[in-house]
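A.B. asks: One predicted model, sequence on top.
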Number of protein chains: 2
Amino acid sequence: MSDPQQDYDELKAAGLTLDLTRGKPSSAQLDLAAPMLDLPGSELVRAADGSDTRNYGNVAGLPELRALFAPFLQVPVAQLIASNNSSLELMHDTLVHALLSPLPGAPVRWADAGRVAFLAPVPGYDRHFAVCERLGIDLVSVPMTADGPDMDEVERLVADDPSIKGIWCVPKYSNPDGAVYSDEVVRRLAAMPTAAPDFRIMWDNAYSVHHLTEEEPELADVLALAAEAGNPDRPFVFGSTSKITFAGAGVAFLGASEANVAWWLTLTEKRTIGPDKINQRRHALFLRDGDGLRAHMAAHRELIAPKFAVVEKLLTDAFADTPGVSWTTPKGGYFVALTVPDGLASQVVALAKDAGIVLTPAGATHPYGKDPHDALIRLAPTLPPLADVEGAMAGVVTCVRLALARAGTRA
Amino acid sequence: MSDPQQDYDELKAAGLTLDLTRGKPSSAQLDLAAPMLDLPGSELVRAADGSDTRNYGNVAGLPELRALFAPFLQVPVAQLIASNNSSLELMHDTLVHALLSPLPGAPVRWADAGRVAFLAPVPGYDRHFAVCERLGIDLVSVPMTADGPDMDEVERLVADDPSIKGIWCVPKYSNPDGAVYSDEVVRRLAAMPTAAPDFRIMWDNAYSVHHLTEEEPELADVLALAAEAGNPDRPFVFGSTSKITFAGAGVAFLGASEANVAWWLTLTEKRTIGPDKINQRRHALFLRDGDGLRAHMAAHRELIAPKFAVVEKLLTDAFADTPGVSWTTPKGGYFVALTVPDGLASQVVALAKDAGIVLTPAGATHPYGKDPHDALIRLAPTLPPLADVEGAMAGVVTCVRLALARAGTRA
């Protein structure tokens, strides 16, 4: 076994500049959608219903694109809205609307409700947490399991406290741990009694078609289960094509009950005369139908699965038998969650940074940026070319080994 | 002189279906931007700074497009933000942010400020009023003059009442009366003492390059004048390409002081990872530069000036000598404001509707949809083909004549 400090000194001397911070598609992935850059062309600006996509109007978005995505997001097409380029915007604005106008079933708007809190399954997505922090909504951590949030804990918290108004969920290939919510977890979320009559599930189905293997798990249908349980207005479903077509120029979707959608449209009609329907038309022309979407996602998989395989191989080679070091092997999505012994995550991130390898800050996966165990590191291997992923992960391995060696020395 | 009732009966019998309600560009105007529908093409996705417009990032928008529009919106490029497809969104969200987070110079966020009111120069733009109504911001009417709002009245209202937090302005070719704010009005708006330390001007420069004649008035520079007067944070400037390129798929802009822009970006970064930069790139490639923009607007003028000329001619032929009937002859923008004797506007709109000619509801140009004089009708002649504008306006003339005749009979 080589000397960890010597290995690290050599790593630093190599002068790398590598980045595993964010779940961004690579240029090669974006190239898959290159034909869109000439679309729709001047002949194809009329939507399937004959309307002119270039002009104002149609706040709910283009019916043909909503129809294409409805089955993948498990939302009836009449209840699915196609919007501009960011599902984060739709989540943010939904909470803003709830703060300023009472949600269906809400006794008052949340701005007048005193404390408002959301459950944050951890580890989770830092941008979800940041939206709540910005809007003055408290975050209450609940632990994730391989099947989704710890439902005993969730049910206990929501049963008695009416200030808990919602929960963040990335139900498929969760960010960052890759968990797929089990049918039982979805059913309990949809059906659990909540003290708040206006409790909402923010169902960020960001990776619904983003498979890394041929296994393609089907989520339980949260909207249907909530309706069956007598809670039709509980879920807001979100999705986007940011990691399907273009990360900055995709189309985002919002789906919910008829009452929620009517509420959302009434408020949104005051804000805009309609979304960019030319871009929606461009998407419909390029992706065509469900088979077109599936084929396109298979092409993404070919590009990124090898990067996840490299992460898996280097971690296995180095730490298969190391107590306290573990990692996820996701079957989809954009992240690997690496767990190191308590107290070492921020040290590993700092060591990597000094060696030119930028990782997501330790703690980013937790509310307020604080991982109480300082043990989790989120790895995002999609953006760099394969060789750089390999170089960066070799460096991460070196940093983890040095941190472990130092901890062993101290112990 | 023919019999007004008989003329109206013939109009109804003709079974028209015509629409002069909204300021929408015609298909021919949208066709002017047809080359954009094949842009950017796969070779041109990198911005001038080398960044990939297809990926996430850059909340402030593409520098080359901001530079193109900066002189036309009279905002330094560093303080101009390029966003998605709707300036109405930017106005709405700016007020939402002000409600939820204190503006620079604000003692508290507006949600905690008790009553919040805005001045609404009337006649004005119904969507501005609707944003305030939706957000619980009261509207206080002030009269418009040919030079802009009645500044004696504005100065009187803002001097003593700290709950008056802002004013809506469409400073060039105002909606609907076509007024261009005089230098003196702009200077007084920028410099007037306000009881509210966080008073804001919502400067919706929607028609900055939308000339109908070769006269191209230059507005006074509200940002510069406000800074000179010691009120740098007072104006928020808005604009868009909705009536330049595509009404549904343009680019919207926000400009303000450095402090306002920093505030706005900090809050917006929680909401989105960035705007659709491919569409911004598409705009920059198509419009190229200031000369390209001017040439494009001249082509718009060729299409729509004849429609405004028809409105002017038919109204002049019919009512040049009719007491109580007057109208604007705008030198730019999208609207003609027709004034009829008090109490007749809603009758004219109802008569036209029964004859198949849809006009903007009487009162829409006033807060809460109530014109106390029931005298103003907004005409929007850009969308229909020229022959339809002529047909619709002949019908409007018939309806006004009938309403006048009935009023004369009753008197």
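C.D. replies: Nice, thanks for sending it over. Since the model is a prediction, treat every value here as computed from it, not as a measurement.

A.B. asks: Sheet-wise, list the partners of the longest strand along chain A with their directions.
C.D. replies: Taking DSSP state E as the criterion, chain A has its longest strand at strand A:138-145. Strand pairing for strand A:138-145, using DSSP bridges, gives strand A:117-122 (parallel), strand A:148-149 (antiparallel).

A.B. asks: Would you format those strands as JSON lines with mean neighbour count and mean pLDDT included?
C.D. replies: (Each C-beta comes from the backbone N, C-alpha and C, glycine too.) Below are these laid out as JSON lines (neighbours: other CB atoms under 10 Å in any protein chain shown; pLDDT from 0 to 100):
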{"stretch": "strand A:117-122", "mean neighbour count": "22", "mean pLDDT": "98"}
{"stretch": "strand A:148-149", "mean neighbour count": "25", "mean pLDDT": "98"}
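
A.B. asks: With adjacent residues omitted, what lies nearest to A:P123?
C.D. replies: In space, and not counting its chain neighbours, A:P123 is closest to A:T365: 3.6 Å by CB to CB, 6 or more residues apart in numbering or on different chains.

A.B. asks: any chance of the strands paired with strand A:138-145 in JSON lines, plus distance to A:L16?
C.D. replies: Putting the strands paired with strand A:138-145 into JSON lines (distance: least, CB to CB, whole Å) gives the following:
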{"stretch": "strand A:117-122", "distance to A:L16": "30"}
{"stretch": "strand A:148-149", "distance to A:L16": "37"}
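
A.B. asks: B:S86: which of these is closest?
C.D. replies: strand A:117-122 (28.1 Å; CB to CB).

A.B. asks: And for A:R115, nearest residue in space, chain neighbours not counted?
C.D. replies: A:S163 (4.3 Å).

A.B. asks: Would you mind giving the secondary structure of the nearest residue to A:V209 once chain neighbours are set aside?
C.D. replies: In this structure, A:V209 finds its nearest non-sequential neighbour in A:M297, 4.9 Å apart by CB to CB, 6+ apart. Following DSSP: H, G, I helix; E, B strand; the rest coil, the label given to A:M297 is helix.

A.B. asks: Can you report how many residues neighbour A:M297?
C.D. replies: 20 (other CB atoms under 10 Å in any protein chain shown).

A.B. asks: try the one 4 residues further on
C.D. replies: A:R301 has 17 neighbours, counted by other CB under 10 Å.

A.B. asks: check which helix or strand covers it.
C.D. replies: A:R301 belongs to helix A:290-319 when elements are defined using DSSP states H and E.

A.B. asks: in that helix, what's buried?
C.D. replies: By neighbour count on 16 or more other CB atoms under 10 Å in any protein chain shown, the buried set for helix A:290-319 is A:293, A:296-297, A:300-301, A:303-304, A:307-308, A:310-312, A:314-315, A:318-319.

A.B. asks: Closest to B:V358 out of those?
C.D. replies: Closest to B:V358, out of all of the buried residues of helix A:290-319 and judged by CB to CB, is A:L293, at 39.9 Å.

A.B. asks: ok, back up a step: so which elements touch the helix holding A:R301?
C.D. replies: Counting contacts by 3 or more CB pairs under 8 Å, 6 or more residues apart in numbering or on different chains; DSSP states H and E, helix A:290-319 packs against helix A:27-31, helix A:63-73, helix A:277-287, strand A:326-327, strand A:336-339, helix A:386-410.

A.B. asks: and that helix with helix A:386-410, angle?
C.D. replies: With axes from the mean of the first three to the mean of the last three CA atoms, to 10 degrees applied, the angle from helix A:290-319 to helix A:386-410 works out at 40 degrees.

A.B. asks: Helix A:63-73 and helix A:290-319, what's the angle between them?
C.D. replies: 40 degrees.

A.B. asks: Next, the angle from helix A:290-319 to helix A:277-287.
C.D. replies: 80 degrees.

A.B. asks: On the three-state scheme, the closest residue to A:S51 other than its chain neighbours is what?
C.D. replies: Once flanking residues are discounted, A:S51 sits nearest to A:N58: 6.9 Å by CB to CB, 6+ apart. Three-state call for A:N58 (three-state DSSP): coil.

A.B. asks: May I have the residues that are in contact with A:N58?
C.D. replies: Contacts for A:N58 (CB atoms under 8 Å, 6 or more residues apart in numbering or on different chains) come out as A:S51, A:G274, A:P275, A:K277, B:G248.

A.B. asks: Pull out the buried positions in the helix or strand hosting A:E184.
C.D. replies: According to DSSP H and E, A:E184 maps onto helix A:183-191. Buried residues in helix A:183-191, counted by 16+ other CB under 10 Å: A:V185, A:V186, A:R187, A:R188, A:L189, A:A190.

A.B. asks: Relative to chain B, how far out is the third one?
C.D. replies: Going back to what we said before, that points to A:R187. 32 Å (CB to the nearest CB, to the nearest Å).

A.B. asks: these two touch, right, that residue and A:A220?
C.D. replies: Yes. In this structure A:R187 lies within contact range of A:A220 using CB atoms under 8 Å: 6.3 Å.
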